[in-house]
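K.L.:
quick one, what's the 3D model for this:
(2 chains, ligands or ions: 2)
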Amino acid sequence: MSILVVAEHDNASIKGATLNTVAAAQKIGGDITVLVAGQGVAAAAEAASKIAGVSKVLVADNAAYAHQLAENLGLLIAEVGKSFQYVLAAATANGKNFLPRAAALLDVSQISEITEVVSADTFKRPIYAGNVIATVQSTDPIKVISVRTTGFDPVAATGGSAAIENVAFAQDAGVSTFVKEELVKSDRPELAGAKIVVSGGRGMQNGDNFKLLYALADKLGAAVGASRAAVDAGFVPNDLQVGQTGKIVAPDLYIAVGISGAIQHLAGMKDSKTIVAINKDGDAPIFQVADYGLVADLFQAVPELEKAL
Amino acid sequence: MKILVAVKRVVDYNVKVRPKSDGSGVDLANVKMAINPFCEIAVEEAIRLKEKGIATEIVAVSVGDKSSQEQIRTALALGADRGILVETSEELQPLAIAKLLKAVVDKEQPQIVILGKQSIDGDNNQTGQMLAALTGYAQGTFASQITVEGDSASVIREVDGGLQTLTLKLPLILTTDLRLNEPRYASLPNIMKAKKKQLDTFTPAELGVDAAPRVKTIKVEPPAERKAGIKVATVADLVEKLKNEAKVI
Ligand SMILES: Cc1cc2nc3c(=O)[nH]c(=O)nc-3n(C[C@H](O)[C@H](O)[C@H](O)COP(=O)(O)OP(=O)(O)OC[C@H]3O[C@@H](n4cnc5c(N)ncnc54)[C@H](O)[C@@H]3O)c2cc1C
Ligand SMILES: Nc1ncnc2c1ncn2[C@@H]1O[C@H](COP(=O)(O)O)[C@@H](O)[C@H]1O
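P.N.:
Ligands and ions are numbered 1, 2, ... in the order given. Below you'll find the model as predicted:
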């Protein structure tokens, strides 16, 4: 089998999600090539060549790929991908944007967010907000697959020594231009890969009260997440939303504070190893998935917990 | 300009669905069906563009069996001008749906097509991107703000680290994220009026599209159950359990 993994990177370094995607590729089994597309990506390409289990790195270094515009990446991945049997990318916001575009250009379907490789053509993926797990079989000659990172333990970032090759193809579709990006800066770990996540919901009441969670998170070395309600209300930025239509996380410890536990929220966190819920309503559905539930007012419990650590 | 909006009939978001016991499919007997929430946001955005004088006509399109007419009527009641049903009782996958929508785009020549970012049943998050590929149009996915100016649009997108702004040439494909707008409710008079609005029906064969599935669902099953947890009485108990039982801190 020949497998192309499209790297998630920031030009300078390879993002952790790439390591989970390579792990999924290893489960399929075969020769793994990583495509690094961007501008000024020498450092990221170098890092990709060291990933355990990767045999080749293809580099597309061009202004057209500087901001991961889907129109341009789609053309590139379809061109490079046509000589592979599999094309994989992490199901990040970025991967979700370009991968279906490449699949349609290849005239093949995409299998979204696999969590398990059953065999070379058969995969498991959650549907209906994770209430149902479907086993699906692909008949396409090229299998385009997005990988839910929480389903696969990452491979080692080092130990490999893949050859690096340049891709000659470069094309700007000419229909889209990058204007700007407002990225939220934080010293806390990234939500997607964090070992501990502290999330707040509507019960937090306002954005200012989130500082209680930031203090707790900093004690624990945790990332901070939120429910849709907290994001919609403007307490925190959109990229903190955990759930069916936000980020999927599966940390060792997930602490849900003032979150009721709607199915859409559970979809994003119920595979966490240990779940703690702090909620003043003892009947809140979040307690059905919580290993440890504390029925309490969060404004007392959270500061107390922070002090006790 | 004309705007095409794609609406999908799905299980209402409040319903907790379960697989059938024989694993052959999801049990949808007697469950409440609705317009996919992200498609509702798409319809709302199209209406707002019409209210701003940017759009002149809104066409709502759905792919599905006859019952999808209900969701088209909902879109018409909210403010769409006419509807198109691509009628099929086959269970279609995103690539086939994108091809059918492409055929409708070829017929209708809209300047903007708005889709939801994700259907809440299949959780695919593919159709808009695929339609963009097939048409060769620019794509503004996961949009949280759309501003149309002349022959282009400025789109703010929800990305992993925050927000990204792109300028995209018309015609273009947009997919909606949750913060784009808050959809309105249909008024009773508008629901009545919607019954008289034009709704055309085509079959995939009439549109010349091969909609054969490429992916086979072998079985469906419930997710692994979590073992029942406990309630702790105090913060001190919680800390003790996390340290000594779960060993996560
Ligand atoms: C299409 C669609 C997609 C969606 N996607 C997502 C998603 O990705 N992620 C997501 O999270 N949601 C999503 N939702 C929304 C979801 O259905 C719920 O509305 C949302 O998760 C509720 O957020 P919440 O639990 O913070 O708020 P609420 O349901 O209002 O719960 C607040 C909780 O706080 C508790 N509380 C209040 N005050 C205190 C206090 N002082 N101390 C302790 N507890 C307190 C209350 O008892 C209550 O249980 C989606 C919905 C739709 C329709
Ligand atoms: N059967 C359908 N009919 C009309 N629109 C659809 C259909 N399936 C998907 N779509 C559109 O594509 C969006 C994304 O769906 P999906 O790719 O299935 O997650 C939906 O929100 C709709 O706007």
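
K.L.:
switch to C-alpha atoms for all contacts and neighbour counts from now on
P.N.:
Will do.

K.L.:
hang on, A:Gly95 in a strand?
P.N.:
No. Under DSSP: H, G, I helix; E, B strand; the rest coil, A:Gly95 sits outside any strand and is assigned helix.

K.L.:
what kind of secondary structure is the closest residue in space to it that isn't next to it in sequence in?
P.N.:
Of all residues not flanking A:Gly95 in the chain, A:Ala89 sits nearest, at 5.8 Å (Cα to Cα, 6 or more residues apart in numbering or on different chains). Three-state call for A:Ala89 (three-state DSSP): strand.

K.L.:
who touches A:Ala89 in this structure?
P.N.:
A:5-8, A:18, A:21, A:95, A:99, A:145-147 (Cα atoms under 8 Å, 6 or more residues apart in numbering or on different chains).

K.L.:
relative to ligand 2, which of these is nearest.
P.N.:
A:Leu99 (12.1 Å; Cα to the nearest ligand atom).

K.L.:
go ahead and confirm the closest one touches A:Gly74.
P.N.:
Yes. The criterion here is Cα atoms under 8 Å, and A:Leu99 meets it with A:Gly74 at 6.9 Å.

K.L.:
and the two? which has more neighbours close in?
P.N.:
Under the criterion of other Cα atoms under 10 Å in any protein chain shown, the comparison of A:Leu99 against A:Gly74 puts A:Leu99 first, with 30 against 25.

K.L.:
give me the phi and psi angles of that one.
P.N.:
Note on A:Leu99: its backbone torsions stand at phi -60, psi -40 [degrees, to the nearest 10].

K.L.:
what does the one 4 residues further on give?
P.N.:
A:Ala103 adopts backbone torsions of phi -60, psi -50, taken as degrees, to the nearest 10.

K.L.:
next, count neighbours for it.
P.N.:
For A:Ala103, using other Cα under 10 Å, the count is 28.

K.L.:
name the SS class of the closest residue to B:Ala96 other than its chain neighbours, please.
P.N.:
Nearest non-adjacent residue to B:Ala96, counting by Cα to Cα, 6+ apart: B:Ala211, 4.8 Å away. Classification of B:Ala211 by three-state DSSP places it in coil.

K.L.:
before we move on, the earlier item: so how far is A:Leu294 from the residue nearest to A:Gly95?
P.N.:
39 Å (Cα to Cα, to the nearest Å).

K.L.:
and the residue in the stretch 201-309 of chain A that ligand 2 sits nearest to, what pLDDT?
P.N.:
The nearest approach of the stretch 201-309 of chain A to ligand 2 comes at A:Thr245, 10.3 Å away (Cα to the nearest ligand atom). At A:Thr245, the model reports a pLDDT of 96.

K.L.:
helix or strand: which one has it?
P.N.:
Under the criterion of DSSP states H and E, A:Thr245 resides outside all helices and strands.

K.L.:
what about it, how many neighbours?
P.N.:
21.

K.L.:
any idea how far chain B is from it?
P.N.:
Remark: distance between A:Thr245 and chain B (Cα to the nearest Cα, to the nearest Å) = 8 Å.

K.L.:
what is B:Val61 paired to in the beta sheet?
P.N.:
Beta-bridge pairing of B:Val61 under DSSP bridges involves B:Ala6, B:Ile84.

K.L.:
ok, B:Ala138 next?
P.N.:
Under the criterion used (DSSP bridges), B:Ala138 bridges to B:Leu172.

K.L.:
where does the most centrally placed residue in chain B land on pLDDT?
P.N.:
Central residue of chain B (Cα atoms, centre = their mean): B:Gly116, 3.3 Å from the mean position. On the pLDDT scale, B:Gly116 is placed at 98.

K.L.:
you'd agree it is up against B:Cys39?
P.N.:
Yes. The criterion here is Cα under 8 Å, and B:Gly116 meets it with B:Cys39 at 4.6 Å.

K.L.:
and for the closest residue to ligand 1 within chain B, the neighbour number?
P.N.:
Residue nearest to ligand 1 within chain B: B:Pro37 (4.9 Å; Cα to the nearest ligand atom). Neighbour count for B:Pro37, taken as other Cα under 10 Å: 24.

K.L.:
got a list of what the spatially most central residue of chain A touches?
P.N.:
Geometric centre of chain A, nearest residue: A:Thr92, 4.1 Å, by Cα atoms, centre = their mean. With contacts defined as Cα under 8 Å, 6+ apart, the neighbours of A:Thr92 are A:17, B:160.

K.L.:
same question, B:Asn36
P.N.:
Per Cα under 8 Å, 6+ apart, neighbours of B:Asn36: B:7-12, B:116, B:119-120.

K.L.:
show me where chain A has helices.
P.N.:
A:16-28, A:42-49, A:70-81, A:93-105, A:210-220, A:228-232, A:263-266, A:298-308 (DSSP state H).

K.L.:
quick check: mean pLDDT of the fourth one?
P.N.:
Helix A:93-105 carries an average pLDDT of 98.

K.L.:
outline the domain layout of chain A.
P.N.:
As recorded under automatic domain parsing, the domains making up chain A are A:2-166, A:191-308.

K.L.:
let's have those in JSON lines, adding distance to ligand 1.
P.N.:
Shown next, in JSON lines, are the domains of chain A (distance: least, Cα to the nearest ligand atom, whole Å):
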{"stretch": "domain A:2-166", "distance to ligand 1": "9"}
{"stretch": "domain A:191-308", "distance to ligand 1": "3"}
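
K.L.:
which one of those domains lies nearest to B:Pro94?
P.N.:
domain A:2-166 (7.3 Å; Cα to Cα).

K.L.:
from the chain's centroid, how far away is that closest one?
P.N.:
The gap between where domain A:2-166 is centred and where its chain is centred comes out at 12 Å by Cα atoms, centre = their mean, to the nearest Å.

K.L.:
what about it, how long is it end to end?
P.N.:
Domain A:2-166: ends 18 Å apart by Cα to Cα.

K.L.:
same question, stretch A:286-303
P.N.:
The first and final residues of stretch A:286-303 sit 21 Å from each other (Cα to Cα).

K.L.:
residue ranges with poor pLDDT in the stretch 51-200 of chain A?
P.N.:
Applying pLDDT under 70 to the stretch 51-200 of chain A flags no residue at all.

K.L.:
per-residue confidence for the closest residue in space to A:Phe178 that isn't next to it in sequence?
P.N.:
In this structure, A:Phe178 finds its nearest non-sequential neighbour in B:Leu166, 4.7 Å apart by Cα to Cα, 6+ apart. Note on B:Leu166: pLDDT of 98.
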